[in-house]
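**Student:** The amino acid sequence is not available; the structure is as follows:
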């Protein structure tokens, strides 16, 4: 019997490779809107983060989202992502 292949994704904060289910997907929609995708199924360009504030802070500092989406990310977007991340942590 063959083992099912588990899709791995790299965190834009810490750079660790983890399974897709362990990560949180951040997407950029066609309208250049950036949001968290809890389902992992929404349309748009995706980037993955570990579900920790540390990784989000590393991604902000290392401009991980800006590289992934090839655009400047406003400060308000990071603040919104931080709030949403806190809600998921509870």
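**Tutor:** Sure, I can see it. This structure is a prediction, so every number in the text was calculated from the model and none was measured.
**Student:** Of all the residues in the worst-scoring helix or strand of the chain on mean pLDDT, which ones are buried?
**Tutor:** Lowest on mean pLDDT, DSSP states H and E among the helices and strands of the chain sits helix 75-89, with a mean of 85. Buried residues in helix 75-89, counted by 16 or more other CB atoms under 10 Å: 77-78, 81, 84-85. For every residue, glycine as well, the C-beta is placed using N, CA and C.
**Student:** Run through who's touching that helix.
**Tutor:** Residues outside helix 75-89 that contact it (CB atoms under 8 Å, 6 or more residues apart in numbering): 24, 26, 34-36, 38, 51, 53, 56, 60, 65.
**Student:** how about a markdown table for the residues you listed, with pLDDT added?
**Tutor:** As requested, those are exported to a markdown table (pLDDT from 0 to 100):
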| residue | pLDDT |
| --- | --- |
| 24 | 90 |
| 26 | 92 |
| 34 | 89 |
| 35 | 87 |
| 36 | 87 |
| 38 | 80 |
| 51 | 87 |
| 53 | 89 |
| 56 | 90 |
| 60 | 92 |
| 65 | 92 |
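**Student:** count of residues packed around residue 11?
**Tutor:** The number of residues packed near residue 11 is 23, by other CB atoms under 10 Å.
**Student:** check contacts around it.
**Tutor:** So residue 11 contacts 17-18, 23, 48-50, 55, 59 (CB under 8 Å, 6+ apart).
**Student:** of those, buried ones?
**Tutor:** Counted by 16+ other CB under 10 Å, the contacts of residue 11 give 18, 23, 48-50, 55, 59 as buried.
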